[in-house]
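Participant: I'll drop the sequence and a predicted model, then ask my questions.
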Amino acid sequence: MSQEKPRLLLVEDDKQLSAMLEELLLVEGYEVSCARDGQRGLHLGLTQHFDVMILDRGLPVVDGLHVLSKLRSHGIDTAALILSALGNPADRVEGLDAGAEDYLTKPFDVDELLARLRALRRRHGETAMNLRIPGGRFDVSSRRVTRTDGAIVALSDREGALLEQLARWPLRVFGRDEILEYVFPNAEGASVVDTYVHYLRVKLGRGCIRTIHGMGYQIGSPT
């Protein structure tokens, strides 16, 4: 897992700047997804997992700060850097209050941008390994759930892999065949998915995983 490229969401409507940043970030080792307006950026942020994101403020369709606020309200805690021409103290405070971890004004120094992204990834490394789930948080590395009341629940490797897959994409519904491919590639039959969903519900409560009839499973709403 450590060998995977970090995934970055770039939401910038300036075509020339976006192309320049995408090329720079690819060379730096990122896997980059680009959006040219806020609506597309919001859709990508809600449906895919990213390690870090860069957001312009003055975006078409949906303003960048609104995009960030919506992502935060849905439990998406991807590290975010606002990149904007609006650089007075009030603008920076507004961006940070909307949920950004960092704020860089245009024009900017490329080396500084890359350094800030590296710092964001370091600071969020531990957070990325602790996912919000209904009634607590899940430590991906130890496969343990810490409930809000302080109780610790240990999961098996397979239980943890299933919970991680659902929790990393909280708004996505996964069909049984998808889960079988991502989590249980060597298992025979989709019934193994239902079995491990049952195991997790016994350990964590029925609300930890929602059944979406005719579609599959989704993580429950974090509390």
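Facilitator: The structure has been received and is ready for your questions.
Participant: what's the least confident helix or strand in the protein, going by average pLDDT?
Facilitator: Every helix and strand in the chain was compared by mean pLDDT, DSSP states H and E; the lowest is helix 125-128, with a mean of 56.
Participant: Would you point out which residue is most central in the protein?
Facilitator: His49 (4.1 Å; CA atoms, centre = their mean).
Participant: Shouldn't that one be within a strand?
Facilitator: No - using DSSP: H, G, I helix; E, B strand; the rest coil, the assignment for His49 is coil, not a strand.
Participant: Please name the spatially closest residue to it (chain neighbours excluded).
Facilitator: Nearest non-adjacent residue to His49, counting by CB to CB, 6 or more residues apart in numbering: Arg168, 4.9 Å away. Placement of C-beta: from N, CA and C, glycine included.
Participant: if we can go back for a sec, what separation is there between the residue nearest to the centre of the chain and Gly95?
Facilitator: 23 Å (CB to CB, to the nearest Å).
Participant: Check which residues of the host helix or strand of Arg201 are buried.
Facilitator: Secondary-structure assignment from DSSP states H and E places Arg201 in helix 191-204. Residues of helix 191-204 classed as buried: Val192, Val193, Tyr196, Val197, Leu200, Leu204 (neighbour count, 16 or more other CB atoms under 10 Å).
Participant: ok, and what's touching it?
Facilitator: If you take CB atoms under 8 Å, 6 or more residues apart in numbering as the criterion, helix 191-204 is touched by 133-135, 145, 153, 155-156, 158-159, 162-163, 176, 179-180, 183-184, 208-209, 211, 217.
Participant: swap the cut-off to 10 Å and go again
Facilitator: The contact list for helix 191-204, computed with CB atoms under 10 Å, 6 or more residues apart in numbering, reads 133-136, 138, 145, 147, 153-156, 158-163, 166, 174-180, 183-184, 186-187, 189, 206-209, 211, 216-217, 220.
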